[in-house]
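**Q** Below is the sequence, then the predicted model.
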Amino acid sequence: MSSEWNEMSVAIDNFLAYLQAERAYSLHTVRAYRSDLTHLREFASARNATAVQELTLDLLRDWVWLGSQSGLSRATLSRRSAAARSFTAWLVTTETLATDPGVRLRSPKPGRPLPRVINRSQMHDLFASLTLRATSADPAALRDLAIIELLYASALRVSELVGLDLSDVDFDRLTVRVTGKGAKERVVPFGVPAQTALVDYLRQARPALTDPTLPTAALFIGARRTRLGVRSVYRLVAGLVSDLPGNGPAGPHALRHTAATHLLDGGADLRAVQELLGHASLGTTQIYTHVSAERLKQSYLTAHPRA
């Protein structure tokens with residue numbers, strides 16, 4: 001085994017390349033892993049451990065403990081531990097290490113706060129406001145209405161929304177083809193209000209937003225006349241929902257949470273919602289049943305005379 005391969009920074013680079021090329025991890029996830037593992041390398045180097053063979057369970061535990069003493073959240077500590085475990089497991093798989101020092105590494109489980117859920121009345125008012133703006137025929141207002149309609153109708157992740165191309169939308173079947181986590185494709189439905197908003201956007205707004213000299217297949221166009229970015233969608237949604245009552249993040253995921261909860265409240269099958277959301281595990285989807293149960297509990301405590 002060459003000394004170059006054993007040098008930890010090179011091993012980290014090779015591991016990250018593997019995650020992106022072989023495991024189809026998103027750029028966001030790879031960046032997070034790079035940040036965590038770079039910090040681990042610096043921590044190890046300060047303790048005179050510069051080769052992966054010098055990684056031990058005690059060193060990894062000390063690294064996580066230092067993070068906890070620095071005030072890192074349980075979610076961040078959990079992610080760091082996961083990054084380290086994945087890295088050491090890969091080192092064993094590639095026969096760089098004979099045994100896995102990270103297999104017994106544990107971290108505090110992250111808390112799981114209930115996601116923000118917008119009630120039906122609030123969603124009605126939100127759409128009424130967007131529709132009123134769109135009557136001005138302002139291209140951006142027509143686009144924004146189509147974005148919110150589709151996010152709520154199909155419970156899309158923001159990355160899935162901005163990655164959509166024109167060819168991904170099937171207006172005959174009222175479905176959209178999205179590429180989710182791990183480069184997995186799925187086809188999800190949308191309703192007539194979203195169809196109407198999308199048709200209006202494509203006919204009246206998209207041509208005005210697109211630079212004819214720079215043709216693009218992107219469905220949604222941003223201020224720079226290119227594919228709309230994630231940050232723009234975050235700003236749009238946050239501006240609409242941050243002042244509404246409720247806890248939890250006010251970004252695009254609030255609409256995804258809301259759509260899933262409304263579906264379950266309306267009697268949708270849990271596995272059907274799992275498929276719609278693109279969750280690999282049913283357990284991930286079950287948080288929405290907890291959301292519905294908590295809302296029921298709050299209603300009960302508020303309304304029942306003997307609660």
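**A** Okay, I see it. Residues are numbered from 1 along each chain as shown.
**Q** And for Arg106, the neighbour number?
**A** 10 (other CB atoms under 10 Å). Just so you know, the C-beta spots here come from the backbone N, C-alpha and C atoms, and that holds for glycine as well.
**Q** just checking, it touches Ala84?
**A** No. With contact defined as CB atoms under 8 Å, Arg106 does not count as touching Ala84 (11.0 Å).
**Q** Which residues belonging to stretch 74-90 are considered buried?
**A** 76-88, 90 (16 or more other CB atoms under 10 Å).
**Q** er, stretch 212-225 actually
**A** 218-222.
**Q** Show me the shaky parts of the stretch 151-300 of the chain.
**A** 245-249, 280-300 (pLDDT under 70).
**Q** how about 90 then?
**A** Within the stretch 151-300 of the chain, the stretches with pLDDT under 90 are 155, 157, 179-186, 188, 212-215, 223-224, 238, 241-254, 256-300.
**Q** ranges for the helices of it?
**A** Residue ranges of the helices in the stretch 151-300 of the chain, as given by DSSP state H, counting those that start in this stretch, are 158-162, 192-200, 206-209, 230-241, 253-265, 270-277, 282-285, 287-303.
**Q** ok, His124 - how many residues close by?
**A** 11.
**Q** Let me see the mean pLDDT of the helix or strand containing it.
**A** Using DSSP states H and E, His124 maps to helix 120-134. Computed over helix 120-134, the mean pLDDT rounds to 93.
**Q** burial count for Tyr210?
**A** You called it Tyr, but residue 210 is Thr. 16.
**Q** And it, how close does it get to Gln53?
**A** In this view, Thr210 and Gln53 are 55 Å apart by CB to CB, to the nearest Å.
**Q** go on, Val117?
**A** Applying CB to CB, the value for Val117 to Gln53 is 49 Å.
**Q** And Ala183, by the same measure?
**A** From Ala183 over to Gln53 (counting by CB to CB), the distance is 33 Å.
**Q** who's more crowded, those two?
**A** Set Ala183 next to Gln53 and count neighbours by other CB under 10 Å: Gln53 wins out with 15 against 10.
**Q** Quick check: the more buried one touching Leu97?
**A** Yes. If you go by CB under 8 Å, Gln53 and Leu97 touch, sitting 6.7 Å apart.
**Q** For Ala98, give me its contacts.
**A** Taking CB atoms under 8 Å, 6 or more residues apart in numbering, we find Ala98 in contact with Val92.
**Q** before we move on, which element is it in?
**A** Using DSSP H and E, no helix or strand contains Ala98.
**Q** go on, Val92?
**A** helix 74-93.
**Q** likewise Ser136?
**A** Counting by DSSP H and E, no helix or strand carries Ser136.
**Q** list the contacts for it?
**A** Contacts of Ser136 (CB under 8 Å, 6+ apart): none.
**Q** measure it to Arg206 for me?
**A** Distance from Ser136 to Arg206, by CB to CB: 16 Å.
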